[in-house]
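Peer 1: give me a model of this one.
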Amino acid sequence: MSGFGVFEPDRHAAEQDERAGRRHDFRDGPVELRPRHLRAAVQSFGTQQQQHGLQEHPGIGAIGTGDLTVLAEVALTLAGELPWAAGDLDPLAISPGDALAFISSNAATLAEAVLAWHDLTRLLSASHVVTALTFVALGGSAEAYSARVHAARPHPGAVACAAALRRLLLTDDEAVEGRRIQDPFGLRAFPQVQSPALDAAAWVQRVLDIDINAAAENPLIDVETEQAYHHGQFSTAQVALAFDHLRAALHHVAELSTARLGDLVEPVLSGLSPFLSQGPAGSSGIMILEYVAHDALGTLRHAAAPVTLGTAVISRGLEDHASFSTHAVRSTVAATAAYRTVLACELLGAIRALRLSGLALPDTPLREAFRLAEGALPYLAEDHPLSTEIAQAERLLDRLAVL
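Peer 2: All right, here's what the predicted structure looks like:
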């Protein structure tokens, strides 16, 4: 058995998830692994996870047909040919027939996929809170979020988004009268644009629920019939396409966030000074946040490009399709990081506008969100560097997501 990978440090959580997933594969999946190897592998994974994990983690080598490089490195570590990060375990004797059972899995890709899905869905939840704060700052009309409106076109994500906004904005079922008959799209069409992202995230969850609990190793060893079935379950086209869809939907959501930030710095809409500035003439206020947000949006736009339009023909033509699910997941990680920055910029703008206007917030979880933001984000009236506040706002989003 040989293993090769271009190494880069991965998050400790991803490493633990991958190892947990591979333990699940060994323990519950019908793979062609001898019982003594099975016991040793599961025990070794459990022992090492409680310590410091594998010494290195392959970052390149998967194309959506199995995480061959990373799992080969794991097997070589178990065999004693590569060192553990700390301490030593008795090496496991591996015979040529064991190699396929060790590497026939997408555990590493699925581990990162679960983390990417978790991080992104949390940001989507936080975006309801941030949008609601902007809504109050701009004096929006809640008619657009009426249950009657969304019952007439009941896409699941839109219905859920509108319900979340009503919970944050209304203390009863009566819509609050806004400053305008029709708000900008950033407020008025938010449920319709958020809906595809929420629905895509739900699709990703369904795919991951199946894949992380699947016996997808090749071949399938059927205990009942005592037969080996060679198959193509290593293909992860479902994962790749689901994440491609999610990133495309996320780009639209992020575009609306930058649009709302633009609304916040416009006096006609906010009723405040241009760029929410204070101080002497020529003060720029939060003008730079628009540059930061659109820079991040540009990064997200590139990350949203579909990876499933390409393929690969390798192994002398026998392996003539690849989903590139690993790349879809990596692109989602990049898109999520960019969206976090976009949303943090909007949050800073909304909180500054609310501080300047002194508008009262409804007695809903939104009031707690504003309290958390006031405690976490310093208020400086004059122009000043905003990089520290952007980082603080990015961290705050996770707390807002659970309100």
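
Peer 1: against residue 343, how distant is residue 378?
Peer 2: Counting by Cβ to Cβ, to the nearest Å, the separation of residue 378 from residue 343 is 19 Å. Backbone N, C-alpha and C define where each C-beta goes, glycine included.

Peer 1: no wait, residue 108
Peer 2: Look at residue 108 and residue 343: by Cβ to Cβ, they are 28 Å apart.

Peer 1: between those two, which one's more packed in?
Peer 2: Neighbours were counted for residue 108 and for residue 343 using other Cβ atoms under 10 Å; residue 108 has more, 31 against 28.

Peer 1: now the more buried one: which helix or strand?
Peer 2: Element membership of residue 108, judged by DSSP states H and E, is helix 107-138.

Peer 1: for the protein, where's the lowest mean pLDDT among helices and strands?
Peer 2: One helix or strand of the chain scores below all others by mean pLDDT, DSSP states H and E: helix 12-28, with a mean of 51.

Peer 1: for the helix holding residue 108, the averaged confidence score.
Peer 2: Here helix 107-138 scores 98 as its mean pLDDT.

Peer 1: what of stretch 237-254?
Peer 2: For stretch 237-254, mean pLDDT is 99.

Peer 1: gap between that stretch and the chain center?
Peer 2: Its chain's C-alpha centre and that of stretch 237-254 lie 10 Å apart, by Cα atoms, centre = their mean, to the nearest Å.

Peer 1: list the buried ones in it?
Peer 2: Buried positions in stretch 237-254, judged by neighbour count with 16 or more other Cβ atoms under 10 Å: 237-254.

Peer 1: for residue 390, what are its contacts?
Peer 2: When contacts are counted by Cβ atoms under 8 Å, 6 or more residues apart in numbering, residue 390 is found next to 289, 292, 341, 344-345, 348.

Peer 1: okay, these in JSON lines with neighbour count and secondary structure next?
Peer 2: JSON lines is the format used below for these (neighbours: other Cβ atoms under 10 Å; DSSP: H, G, I helix; E, B strand; the rest coil):
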{"residue": "289", "neighbour count": "27", "secondary structure": "helix"}
{"residue": "292", "neighbour count": "19", "secondary structure": "helix"}
{"residue": "341", "neighbour count": "20", "secondary structure": "helix"}
{"residue": "344", "neighbour count": "28", "secondary structure": "helix"}
{"residue": "345", "neighbour count": "32", "secondary structure": "helix"}
{"residue": "348", "neighbour count": "27", "secondary structure": "helix"}
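
Peer 1: between the residues you listed, which is nearest residue 92?
Peer 2: Nearest to residue 92 among these, counting by Cβ to Cβ, is residue 341 at 44.5 Å.

Peer 1: how close does the spatially closest residue to the closest one that is not a sequence neighbour sit to residue 290?
Peer 2: Closest residue in space to residue 341, ignoring its immediate chain neighbours: residue 296 at 3.9 Å, by Cβ to Cβ, 6 or more residues apart in numbering. With the distance defined as Cβ to Cβ, residue 296 ends up 11 Å from residue 290.

Peer 1: hey, what's in contact with both of those two?
Peer 2: Here residue 296 and residue 290 share the contacting residues residue 345, scored by Cβ under 8 Å, 6+ apart.

Peer 1: buried stuff in stretch 382-389?
Peer 2: Buried residues in stretch 382-389, counted by 16+ other Cβ under 10 Å: 383, 386, 389.

Peer 1: also stretch 64-84?
Peer 2: By neighbour count with 16+ other Cβ under 10 Å, stretch 64-84 contains the buried residues 64-78, 82, 84.

Peer 1: do the same with stretch 305-316
Peer 2: Across stretch 305-316, burial judged by 16+ other Cβ under 10 Å covers 306-308.

Peer 1: which of the buried residues of stretch 382-389 lies closest to residue 127?
Peer 2: Checking the buried residues of stretch 382-389 against residue 127 with Cβ to Cβ, the nearest one is residue 389 at 18.6 Å.

Peer 1: export the contacts of residue 390 to TSV and tack on pLDDT?
Peer 2: Shown next, in TSV, are the contacts of residue 390 (pLDDT from 0 to 100):
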residue	pLDDT
289	98
292	99
341	99
344	99
345	99
348	99
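
Peer 1: closest to residue 396 among the residues you listed?
Peer 2: Out of these, the member with the shortest distance to residue 396 (by Cβ to Cβ) is residue 344, at 7.8 Å.

Peer 1: that closest one reaches residue 393, doesn't it?
Peer 2: Yes - assessed by Cβ atoms under 8 Å, residue 344 is found in contact with residue 393 at 3.7 Å.

Peer 1: quick check: neighbours shared by these two?
Peer 2: With Cβ under 8 Å, 6+ apart applied, the contact sets of residue 344 and residue 393 do not overlap.

Peer 1: quick one: the residue nearest to residue 341 from residue 352, how far?
Peer 2: In terms of Cβ to Cβ, residue 296 sits 19 Å off from residue 352.

Peer 1: do the same with residue 133
Peer 2: Computed with Cβ to Cβ, the distance linking residue 133 and residue 352 is 11 Å.
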